[in-house]
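Novice: Using only what follows, build the 3D model:
(chains A and B)
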Amino acid sequence: MNLIALGPEIIIMTTGLLVLVVDMFIAENKRDAISYVSLSGLFLALIYMAVFWSKRGIVLGTLQIDDLAMLIRVSIIVACIMVNLAAIKNTRTIQEHQGEFFALLLFSVCGAMILTGARTLITIYLGLELSTIPMYILVIFRKDMAKAGEAAIKYFLLGVMSSIFWLYGLTMIFGITGQLELEGIAKSLSHGFPPIIIIASLFCIVGFGFKITLVPFHFWAPDTYEGAPLVVVSYLATVLKLGAFVAISRFFFVGLIATKANWPLWFGTLAVITMTLGNVMALPQNNIKRMMAYSGISHIGYPLVAMAVGTHASISAMFFYLITYVFSTIGVFFVMYARSTEVDTDDIDGYTGLSETNPVLAFVMTISFLSLIGLPPFAGFFGKFYILQDAVANGRSWLAVALLINSVISFGYYSKVIRAMYLSETKIKKITGIAVPTNIALGMATIAIIFLGIAQRPIWQLSLKIFNYLKL
Amino acid sequence: MIPINYFLTLSITLFSIGIYGALSKRNIILVLLSIELMLNSVNINFIAFSRYVTPKVMTGQLFVTFTMVVTACEIGVGLAIVLSLFRLSGNLNTDKYNQLKG
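Specialist: Model (predicted):
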């Protein structure tokens, strides 16, 4: 029994249950304490991981705790600490239901962390569901808003349908191999496989595609992002995609490695469609939440380029890129959240003259955007650079060209917001102070973006070790 | 023993009916019902394969117990969402939920 490596999940799950218990007994005027309980649970998990950093191995036959799992679990916890900080004192979204909100958030984090290590199909399934089912509820957390209800029902129906597609693909794989462990599947497929496996993998790509908003399975994302509370969206758009991406890479690189000859066609095509359509649809958007939804879609296309290339270096580049994406996007969403306490609009017009009234917000927004565009020295540049470098080195220049063209297109819509912030006269003079926890979250996002850009070496060295025990 | 093809035909038929229902029905409750049909086709597939491919071990049946529990949770959450939507807007027609677009 190697339960020590499973510690962070246990801590977070226990904290989630503890939050519910505290919620029952706490006095009405001290309800803010609940958010600090959940925050301390996350910090405890982070400290635990630092102490037991070298504890690796297979836990209970279902979870493989390796470098990939450790790296992504740390990123997920740090991102979730930021989300938790931003949610403190967020009375507009949470009202008096702190207990439910933070418990659901922690359960979802636990699911995403289980996904990072899952090595059997059952564990991947449970991780996917545990991370998304709480989100269905969090999206409709404001029950009195019609928009939130519509967002939740769209997200729910497509989420459930996608898991069924994925499960149907699994039944075919199970029927051919009789295995539920990824390594067992790989072993039984290694000496040739019937064509039904190709169909099964396509079913699985459809299922995963809904979770990570691949085009053409993306259409829920803009609607859900627009209707859901901003704190929830900042989690939904980053941590969940990260967790699902680990599951995809394990599923294909460990389990279905036999189908690798088809990957440049599948993932390459999906990457080009996803990047291009996401960017083109983002250009005419006036609502910044929808713009960020399409931007998120296009940013999922870039790591798929690395998936299509499929070497060790490209996997490392893929996860490094995804980590930079998480922190850059979370920065943008926190600025949007802080701004939404001042101005009650989601339109880009709401950001005119932000540099005058609130220069700090404008600054964080700008560096997050520059990082998303991929300008040095910010984090996003190195992510894109490593992916590009590997695509060219392995003779997939057409993907590299598509990636470059799309980066240029994305400049169009990001610069629209930057222009509004710096070059337009302000119409809104009202300044309300931003809550201290939100400020800390903004600061953490800024530090992460700059640190991952300037001092990216240690993280990059760590990500180079991902899957080094696999033969690709 | 009944040949496995019978089970697979039943399962793919259920799956197709489910997809058709989920995409064409306008009432959310009917959409949820169709989704349940699709899910049961998955369960039938798993159990049939488990019986024919791995008769000694019960891995397929094991997976099905998990899917059934998880789906119960999912549908519970789904019905709660539908209920609060109905309280808010007073209808269950998916065509009426068209505030978000662009």
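
Novice: any idea which helix or strand carries residue 86?
Specialist: You didn't pick a chain, so chain A it is. In this structure, A:Ala86 sits in helix A:67-87 according to DSSP states H and E.

Novice: hm, I was asking about chain B
Specialist: Secondary structure (DSSP H and E) places B:Phe86 in helix B:59-89.

Novice: next one: that helix to chain centre, how far?
Specialist: Computed by Cα atoms, centre = their mean, to the nearest Å, the chain-centroid distance of helix B:59-89 equals 9 Å.

Novice: hmm, it in reach of chain A?
Specialist: Yes. Counting by Cβ under 8 Å from any Cβ of the partner chain, contacts between helix B:59-89 and chain A involve B:59-60, B:62-63, B:66-67, B:70, B:73-74, B:77-78, B:80-82, B:84-85, B:88-89. The C-beta positions use only the backbone N, C-alpha and C, and glycine is treated the same way.

Novice: Whichever of the residues you listed end up buried, select them in ChimeraX.
Specialist: Restricted to buried positions by 16 or more other Cβ atoms under 10 Å in any protein chain shown, the ChimeraX selection for these reads:
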select /B:59,60,63,66,67,70,74,77,78,80,81,82,84,85,88
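
Novice: elements contacting the longest helix that chain A contains?
Specialist: Longest helix of chain A, by residue count under DSSP state H: helix A:146-177. On a contact count with 3 or more Cβ pairs under 8 Å, 6 or more residues apart in numbering or on different chains; DSSP states H and E, helix A:146-177 meets helix A:121-139, helix A:182-189, helix A:196-211, helix A:220-227, helix B:4-24, helix B:28-53, helix B:59-89.

Novice: Low-confidence bits of chain B, can you list those?
Specialist: For chain B, applying pLDDT under 70 flags the ranges B:102.

Novice: rerun at 80
Specialist: By pLDDT under 80, the low-scoring segments of chain B are B:94-102.

Novice: Now stretch A:253-267: average pLDDT?
Specialist: For stretch A:253-267, mean pLDDT rounds to 90.

Novice: residues from the stretch 1-150 of chain A in reach of chain B?
Specialist: So the stretch 1-150 of chain A meets chain B at A:121-122, A:125-126, A:129, A:133, A:136-137, A:140, A:143-144, A:146-147, A:149-150 (Cβ under 8 Å from any Cβ).

Novice: related to what we said a few turns ago, any idea how far the helix holding A:Ala86 is from the middle of the chain?
Specialist: 10 Å.

Novice: How is A:Lys89 assigned, secondary-structure-wise?
Specialist: Three-state call for A:Lys89 (DSSP: H, G, I helix; E, B strand; the rest coil): coil.

Novice: Please give me every residue in contact with it.
Specialist: A:Lys89 sits next to A:Asp32, A:Ser35, A:Ala435, A:Pro437 when contact means Cβ atoms under 8 Å, 6 or more residues apart in numbering or on different chains.

Novice: my guess is the second one contacts A:Val83, does it?
Specialist: It refers to A:Ser35. No. If you go by Cβ atoms under 8 Å, A:Ser35 and A:Val83 don't touch, sitting 11.0 Å apart.

Novice: hey, C-alpha coordinates of stretch A:120-131 in PDB?
Specialist: Extracted in PDB, the C-alpha atoms of stretch A:120-131 (Å, rounded to 0.1, in the frame of the first residue of the first chain):
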ATOM      1  CA  THR A 120      -7.000   2.500 -15.600                       C
ATOM      2  CA  LEU A 121     -10.100   3.300 -17.600                       C
ATOM      3  CA  ILE A 122     -12.300   3.200 -14.500                       C
ATOM      4  CA  THR A 123     -10.100   5.800 -12.700                       C
ATOM      5  CA  ILE A 124     -10.100   8.100 -15.800                       C
ATOM      6  CA  TYR A 125     -13.900   7.900 -15.900                       C
ATOM      7  CA  LEU A 126     -14.300   8.600 -12.200                       C
ATOM      8  CA  GLY A 127     -11.800  11.500 -12.400                       C
ATOM      9  CA  LEU A 128     -13.600  13.000 -15.300                       C
ATOM     10  CA  GLU A 129     -17.000  12.800 -13.700                       C
ATOM     11  CA  LEU A 130     -15.800  13.900 -10.200                       C
ATOM     12  CA  SER A 131     -14.200  17.000 -11.700                       C
END
